[in-house]
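K.L.:
the following comprises the amino acid sequence and a computationally predicted model.
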Amino acid sequence: MSTHIQTLDLDQFEALAAAGEIDTVVCATPDPYGRLVGKRLTIQAFRSLGLSGDGINASSFIFAVDLEMTPLNLPVSNSANGWADIRLVPDLTTLRRVPWEPNTALVICDAYECGSDTMLSVAPRTILKRQIERAQQEGLAFKFASELEFFLAAVAPNDAWQAGYQDLKMLSNYRSDYQMIQSGRDDWFIRQIRNQMPAFGISVESSKPEWGLGQQEITLDYCDTLEMADRHVLFKYGIKQLAHQADLTVTFMAKPKIDDVGSSCHLHVSMWSTETGKPLCWSDTPEGGMSAKFGSFVAGQLEHAVDVSLLFAPTVNSYKRFQPDQFAGSAIALGEDNRSCAFRLVGHGPSYRVENRIPGADVNPYYAYSGTIAAGLDGIERQLPTPAIFSGNAWEGREVELVPTSMHRAIDLFAKNKMARAAFGDEVYEHLVASAQAELTSFDSHTVTDWETRRYYERV
């Protein structure tokens, strides 16, 4: 795993500020969609508010809006409480320079209630921290890696917007999965990602063209849970900025086109001891394989995968990706290096881990990691037996359960899941349900698709 990542301590930051190399600090926190929201501060304001003050004031509505930034009147923020302020407090371990923005640093913030040292319960970063704390109480820690895919169009973002994102010229003309010719053609841009992300504190392992037209995959090195979630959102933030500067349009939609493959975000997770710092996934028996505790952890994920699929598939579009034979993790089975299964065992010995193939690239990592930990801890608490390994094509398995194929169904299942309510607490759980219902209501109330028009306009 690479170690040449760059973050700043305060002495380094102050030296750069004194030299005029940094004059702006982005203070941001992840919102419910995994986007960074916040403010850009001057050096003086960052010192007075971020370093020695009470934090940066922001409206709580940033955690209670839809993608169009329309307030949703959720319990955390609504007309009755005046969309009250919260405090954004920098986590100084995340302070870093932004390589593609001259004179700019960025720090990720935690959200706190105003006038209190209580973290805002429904903030995505708080939700994940609470699940990490639950695991620590059991002597467990986890390491994650997000494996993100995305599409690139050879069209400037403003032009793509004006075109309604229709009929965009993609960066490749034909299928080029793993093909080095296409990789060479794209590398004028992709190498910017590989080379600049480490300077942004994100260690990159590799890149390659994917199966879809203009589709790319970049894999990130694994690390501790919270840091990986932070790197995930920073990675997307960085790619969107770099693409804009290069007159390219990037999308992390799970299924941009119904007749093309979707974009995944495979989640790799391994389990570690907080006492010894050693991995706990591989059995110390002569035959190896899953340890009993890791087997229970994986079993919990399988048992709850359908009911918490909302945390892996957060948008209406997410469910378009769940089609058989397109390598979306829709068949809930455990495979040994078997890509037809939603859960795939990978590696050997210290590198042994499980890959969750359900999430798409639109996933919020704080929610997905939280759901993974909560489901796995439930499996450990109940000492679920190690699940059987599925052989063959899981999509053709007669008794293999499938993930929901609509957001309607996913919300219904999540809203009845007792494990999730107990793990997250009533306030967070109800916030997640209400947020998802608002997104679905917005879609149902405002959209008549081209498919409907062509099918029904004259013929019904």
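P.N.:
Perfect, thanks for sending it. Numbers count the residues shown, from 1 in each chain.
K.L.:
tell me what the helix or strand residue 301 falls within is packed against?
P.N.:
Under the criterion of DSSP states H and E, residue 301 resides in helix 292-304. On a contact count with 3 or more C-beta pairs under 8 Å, 6 or more residues apart in numbering; DSSP states H and E, helix 292-304 meets strand 265-273, strand 343-346, strand 353-356, helix 365-381. Every residue, glycine included, has its C-beta placed from N, CA and C.
K.L.:
deepest-packed of the ones you listed, please.
P.N.:
helix 365-381 (a mean of 25; mean count of other C-beta atoms under 10 Å).
K.L.:
which strands or helices does that one pack on?
P.N.:
Identification of packing neighbours for helix 365-381 by 3+ C-beta pairs under 8 Å, 6+ apart yields helix 124-137, strand 140-153, helix 225-245, strand 265-273, helix 292-304, helix 418-424.
K.L.:
centre of the chain to the third one, how far?
P.N.:
Right, helix 225-245. With C-alpha atoms, centre = their mean, to the nearest Å as the basis, helix 225-245 stands 10 Å off its chain's centre.
K.L.:
equivalent analysis for the shortest one, please.
P.N.:
Relative to its chain's centre, helix 418-424 lies at 20 Å (C-alpha atoms, centre = their mean).
K.L.:
can you give me the buried ones in it?
P.N.:
For helix 418-424, the neighbour count (16 or more other C-beta atoms under 10 Å) marks 419, 420, 421, 423, 424 as buried.
K.L.:
of these, just say which sits nearest to residue 351.
P.N.:
Nearest to residue 351 out of the buried residues of helix 418-424 is residue 423 (C-beta to C-beta; 27.9 Å).
K.L.:
so the closest one sits against residue 376, correct?
P.N.:
No - at 10.4 Å, residue 423 does not count as touching residue 376 under the criterion of C-beta atoms under 8 Å.
K.L.:
can you check what angle separates the helix or strand hosting residue 25 from helix 225-245?
P.N.:
For residue 25, the host element (DSSP H and E) is strand 24-30. Angle, strand 24-30 to helix 225-245, by axes from the mean of the first three to the mean of the last three C-alpha atoms, to 10 degrees: 120 degrees.
K.L.:
show me what strand 24-30 is packed against.
P.N.:
If you count contacts as 3+ C-beta pairs under 8 Å, 6+ apart, strand 24-30 packs onto strand 36-42, strand 85-90, strand 104-113, helix 124-137, helix 225-245.
K.L.:
for residue 77, give the beta-bridge partners.
P.N.:
Taking DSSP bridges as the rule, residue 77 bridges to residue 74.
K.L.:
tell me, what residue is most central in the protein?
P.N.:
With distances taken as C-alpha atoms, centre = their mean, residue 365 lies nearest the centre of the chain, 2.6 Å away.
K.L.:
who are the neighbours in contact with that residue?
P.N.:
By C-beta atoms under 8 Å, 6 or more residues apart in numbering, the contact set of residue 365 is 34, 144, 146, 228, 229, 232, 233, 265.
K.L.:
can I get the residues you listed in TSV with distance to residue 283 and pLDDT?
P.N.:
Output for those, formatted as TSV (distance: C-beta to C-beta, whole Å; pLDDT from 0 to 100):
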residue	distance to residue 283	pLDDT
34	35	96
144	22	97
146	27	95
228	25	97
229	28	98
232	30	97
233	35	98
265	29	96
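K.L.:
most neighbours among those residues, which one is it?
P.N.:
Neighbour counts for the contacts of residue 365 (other C-beta atoms under 10 Å) peak at residue 229, which has 28 neighbours.
K.L.:
excluding chain neighbours, what is closest to it?
P.N.:
Leaving aside its sequence neighbours, residue 229 sits nearest to residue 365 (C-beta to C-beta, 6 or more residues apart in numbering; 4.2 Å).
K.L.:
before we move on, what about residue 221?
P.N.:
Using C-beta to C-beta, 6+ apart, the closest residue to residue 221 is residue 203 (4.1 Å).
K.L.:
what's the burial count for the one you found?
P.N.:
So residue 203, with other C-beta under 10 Å, has 17 neighbours.
K.L.:
how near is it to residue 269?
P.N.:
Note on residue 203: its distance to residue 269, by C-beta to C-beta, to the nearest Å, is 17 Å.
K.L.:
one more: residue 210?
P.N.:
Counting by C-beta to C-beta, the gap from residue 210 to residue 269 is 22 Å.
K.L.:
and for residue 163?
P.N.:
Following C-beta to C-beta, the distance that separates residue 163 from residue 269 is 39 Å.
K.L.:
same question, residue 307
P.N.:
18 Å.
K.L.:
tell me which residues of stretch 172-192 are tucked away?
P.N.:
Within stretch 172-192, the residues scored as buried using 16+ other C-beta under 10 Å are 172, 176, 182, 183, 185, 186, 189, 190, 192.
K.L.:
from these, which shows the smallest pLDDT?
P.N.:
Lowest pLDDT within the buried residues of stretch 172-192 is found at residue 176 (83).
K.L.:
quick check: that one touching residue 170?
P.N.:
No - if you go by C-beta under 8 Å, residue 176 and residue 170 don't touch, sitting 10.6 Å apart.
K.L.:
who's in contact with the closest residue in space to residue 124 that isn't next to it in sequence?
P.N.:
Excluding the flanking residues, the one nearest residue 124 by C-beta to C-beta, 6+ apart is residue 366, at 3.6 Å. By C-beta under 8 Å, 6+ apart, the residues touching residue 366 are 30, 34, 124, 125, 127, 128, 229.
K.L.:
and if we set it to 6 Å?
P.N.:
Applying C-beta atoms under 6 Å, 6 or more residues apart in numbering, we find residue 366 in contact with 124, 125, 127, 128, 229.
K.L.:
just give me the closest of these to residue 292.
P.N.:
residue 128 (26.3 Å).
K.L.:
ok, the closest one touching residue 370?
P.N.:
Yes - between residue 128 and residue 370 there is a contact at 5.0 Å, judged by C-beta atoms under 6 Å.
K.L.:
residue 413 and residue 321, how far apart?
P.N.:
18 Å.
K.L.:
what about those two, which has more around it?
P.N.:
Using other C-beta under 10 Å as the criterion, residue 413 and residue 321 rank with residue 321 on top: 28 against 18.
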